[in-house]
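*Asks:* can you look at this prediction? I've put the sequence above it.
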Amino acid sequence: MTVRHQPIPRAGAPFAGQSLAGSANLWFDEVLVRRRDGAAKLVASTDCSMADQERLTRPRATLCSLSMDQPLIMAVLNVTPDSFSDGGDHVTLEAAVDRARQMAQDADILDIGGESTRPGAAEVSVKEEIRRTSTVIAAIRDAGITTPISIDTRKARVAEAALDAGADMVNDVAAFTYDPELADLVADRDVPVCLMHAQGQPETMQNDPRYDDVLFDVMDFLEERITFATSRGIAFERIVTDPGIGFGKTLEHNVTLLQNLSLLHDLGLPMLLGVSRKRFIGTIGQVTEAKDRMAGSLAVALYGIQNGAQILRVHDTFETRQAIRLQQAMIKREN
């Protein structure tokens, strides 16, 4: 029977327990020990094994020289005509570089994507995806923008061209299931990689997605992909995990994952959370247009931070940075 350990995060003073994944302001002193059969028991964190405690508490490795003890912002910059929220906004080189310069004022990482993975999106050829992304990345670097860049792709050849153009890490929504050779490239270049959970392909992933237990199924998938990655030579410390909110999941699945987000710390790796402007926010918040979902996106982002998400992937970088500054001031740990 698979057992998972879910720390119960607490914020700010009094700092009376153990640091959550090396966070400067989050701690825990209780853990919900969960089993796949539904049984769960709340225990003191010190009653867990030393190995379990170490996995939940150890500081996460730096990402592109960025410390994980404070929340990081990953800015979404899609150079596509059909992304669900910003499709067509940055298809010219000048528009993309201008937006990158603007986002870099508040973001820690720029995430460049050339293929939409929204529900129902069609696949883009490797040649076209390279044309869209590597040209923009090179132009961003030529413009003197030094912010770390992530290439959002499922394909090894696209990632290779992006890294050659100046990207620093890979964000693979397929977690190497689409193109296993991407794992070899990441290992060879020794760059960080984010592995995300998704059920199905973008074209069909929202066609009645089902799980035996969404929490355990997502955790098992990510654990298996981490094992695959390390078997191909990727250092464990180079891996980031993402529960894949909205990727092959119903509204109920998304909410369940968010309510139990701290469970992902049981993998012992940094967590990326991408919820910005997604459909479930519009459904709950009763907002139709994606660009009108900023307030709901901020609410979920701040909730994610209080559950230990180290990286927020967002469209609205200025507003998110302001919100994080205020939140961190409120929960700052007292020495």
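*Replies:* Everything's here; your move. Please read all numbers here as calculations on a predicted model, not as lab measurements. Residues are numbered from 1 along each chain as shown.

*Asks:* tell me the buried residues in stretch 186-198?
*Replies:* For stretch 186-198, the neighbour count (16 or more other C-beta atoms under 10 Å) marks 186-187, 189, 191-198 as buried. In this view, the C-beta of every residue, glycine as well, is placed from N, C-alpha and C.

*Asks:* also stretch 221-228?
*Replies:* For stretch 221-228, a neighbour-count test (16+ other C-beta under 10 Å) marks 221-223, 225-226, 228 as buried.

*Asks:* any chance of these in CSV with pLDDT, distance to residue 106 and secondary structure as columns?
*Replies:* Below are those laid out as CSV (pLDDT from 0 to 100; distance: C-beta to C-beta, whole Å; DSSP: H, G, I helix; E, B strand; the rest coil):
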residue, pLDDT, distance to residue 106, secondary structure
221, 97, 32, helix
222, 98, 29, helix
223, 98, 33, helix
225, 98, 31, helix
226, 98, 30, helix
228, 98, 34, helix
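
*Asks:* relative to residue 268, which of the residues you listed is nearest.
*Replies:* Proximity of these to residue 268 (C-beta to C-beta) peaks at residue 226, which lies at 9.0 Å.

*Asks:* what's opposite the residue most central in space within the chain in the beta bridge?
*Replies:* Centroid-nearest residue in the chain, with C-alpha atoms, centre = their mean: residue 272, separated by 2.4 Å. Beta bridges link residue 272 to residue 311, judged by DSSP bridges.

*Asks:* check the buried residues of stretch 221-228 against residue 301 and report the nearest one.
*Replies:* residue 222 (20.7 Å).

*Asks:* what residue ranges in the protein score low on pLDDT?
*Replies:* Residue ranges of the chain with pLDDT under 70: 1, 82-91, 120-121, 205, 334-335.

*Asks:* how far away is residue 196 from residue 95?
*Replies:* 27 Å (C-beta to C-beta, to the nearest Å).

*Asks:* next one: residue 159
*Replies:* Remark: distance between residue 159 and residue 95 (C-beta to C-beta) = 23 Å.

*Asks:* ditto for residue 80
*Replies:* Taking C-beta to C-beta, one finds residue 80 at 12 Å from residue 95.

*Asks:* list the contacts for residue 195?
*Replies:* Listed by C-beta atoms under 8 Å, 6 or more residues apart in numbering, the contact set of residue 195 reads 172, 175-176, 222, 225-226, 229, 239-242.

*Asks:* shouldn't it be within a strand?
*Replies:* Yes. Counting by DSSP: H, G, I helix; E, B strand; the rest coil, residue 195 is part of a strand.
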